[in-house]
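Novice: coords please:
(one chain, ligands or ions: 2)
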Amino acid sequence: MNKFEAFETFEEYQFQDNSREARRSRPGPKKKKDRRARQTMREIREMDDGIENWVPSYAKAIDPRHHERQWVTESIGPFYRDQIVTDVTRLVKGGKEANVYACIGHPATGVDLIAAKLYRPRMLRHLKNDAIYKAGRTLRNAEGKQLKGRREKLAMRKKTTFGKEVDIQWWIGNEYRTQTQLFEAGANVPKPIGHQGNTILMQYIGDAYGPAPTLSEVRLPQDEAAALFTRVMQNVSLMLDNHLVHGDLSAYNILYWEGDIYLIDFPQMVEARHNPHAYELLERDITRVCEYFAGLGVVRDPVALAHDLWDPYMGPGG
Ligand SMILES: Nc1ncnc2c1ncn2[C@@H]1O[C@H](COP(=O)(O)OP(=O)(O)O)[C@@H](O)[C@H]1O
Ligand SMILES: [Mg+2]
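Specialist: Ligands and ions are numbered 1, 2, ... in the order given. Below is the predicted model of the structure:
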């Protein structure tokens, strides 16, 4: 039985509770004494789906000596085994912190195309100023469990290899949880599909010919600009209703597709109630959005807009 089959519906798989408690109560083979049974299970599974030999088409085209081939295959392999994706077809975009790939969804998911965001192991080097974003957050591991252990906290502070590992898991898990929360609240974000290790799967925005452009890459039709600006601001407002500020919003992190917008890229999201820099980040997000739309003739005052959202949010005395 693969992991996906343990869930009644695909929705359940997507929003599964990955906490240790939930894993403990989930049916399935456990207990050390069942080692032999597990070994047999593993062998059957390997025969079943050929995971050991799976190399997605995109990776096949890469020189086997190149690390990207192994990186893509190993990162997306678990989703292949879980029958969420059947292939990886192209690199959508490569960045400093992450690469995004286009995948073919398994028929069981009901989704044709899936985007996989793979974080680089060395992303931490590029995460500047992470103290601003982390201020007021509790330390959590990839599964959202609060880290209480002295060892973890010490390691994170000292940035040992183990500490960096905890840190990366924390960022990625946080991005996935935030995106899930926003999607469920009705925000215009790609639907989250799953996450494991360094990888997040989500709805692919675009079609077989190519991914949706970001606002920075597209010349918006002038007559759509005002409505799309409103749409972005509605999303910023909805995020704040959920006590969240994007923290890195700009024309680079908004996709445009079929007349609508999608907000992406959430690892630096901050909690409005706890982060002392939340207002400044909100104002900066809105300023960047206003700058973009001003170029299309939609001229708005970002500071006034930021206050229009923030002041009622904080209430009297805030
Ligand atoms: N769900 C998606 N569908 C289509 N393209 C996407 C999707 N998510 C990201 N992309 C593309 O990948 C790029 C990088 O993704 P992003 O989440 O912004 O990561 P980062 O900026 O940290 O590298 C985006 O600018 C966008 O072009
Ligand atoms: Mg980005």
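Novice: Find the least confident helix or strand in this protein, judged by mean pLDDT.
Specialist: Every helix and strand in the chain was compared by mean pLDDT, DSSP states H and E; the lowest is helix 20-25, with a mean of 56.
Novice: ok, so what distance separates the nearest residue to Leu296 once chain neighbours are set aside from Glu291?
Specialist: Nearest non-adjacent residue to Leu296, counting by C-beta to C-beta, 6 or more residues apart in numbering: Ala225, 4.0 Å away. Every C-beta, even on glycine, is put in place using the N, C-alpha and C of the backbone. Counting by C-beta to C-beta, to the nearest Å, the separation of Ala225 from Glu291 is 13 Å.
Novice: So the two - more neighbours on which side?
Specialist: Ala225 (17 against 12; other C-beta atoms under 10 Å).
Novice: packing partners for the host helix or strand of the more buried one?
Specialist: Here Ala225, judged by DSSP states H and E, is contained in helix 222-241. If you count contacts as 3 or more C-beta pairs under 8 Å, 6 or more residues apart in numbering; DSSP states H and E, helix 222-241 packs onto strand 260-263, helix 278-294, helix 302-314.
Novice: okay if I get those as a markdown table plus distance to Met202 and mean pLDDT?
Specialist: Below are the helices and strands packed on helix 222-241 laid out as a markdown table (distance: least, C-beta to C-beta, whole Å; pLDDT from 0 to 100):
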| stretch | distance to Met202 | mean pLDDT |
| --- | --- | --- |
| strand 260-263 | 10 | 98 |
| helix 278-294 | 21 | 98 |
| helix 302-314 | 26 | 97 |
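Novice: Which one of the ones you listed lies nearest to ligand 2?
Specialist: Among the helices and strands packed on helix 222-241, the nearest to ligand 2 by C-beta to the ion is strand 260-263 (10.5 Å).
Novice: Buried residues of that closest one, list them for me.
Specialist: For strand 260-263, burial by neighbour count (16 or more other C-beta atoms under 10 Å) applies to Ile261, Tyr262, Leu263.
Novice: CA atoms only: put that strand into CSV for me.
Specialist: Taking C-alpha atoms only, strand 260-263 is exported to CSV below (Å, rounded to 0.1, in the frame of the first residue of the first chain):
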residue,chain,number,x,y,z
ASP,A,260,-6.4,37.0,-12.4
ILE,A,261,-3.5,37.2,-10.0
TYR,A,262,-1.9,34.7,-7.7
LEU,A,263,0.3,35.6,-4.8
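Novice: That one: how far from the chain's middle?
Specialist: Put simply, strand 260-263 sits 15 Å off its chain's centre (C-alpha atoms, centre = their mean, to the nearest Å).
Novice: shaky segments in this protein?
Specialist: The chain contains residues with pLDDT under 70 at 1-33, 43-51, 122-167, 318.
Novice: Now with 50, please.
Specialist: Scanning the chain for pLDDT under 50 picks out 1-5, 124-126, 128.
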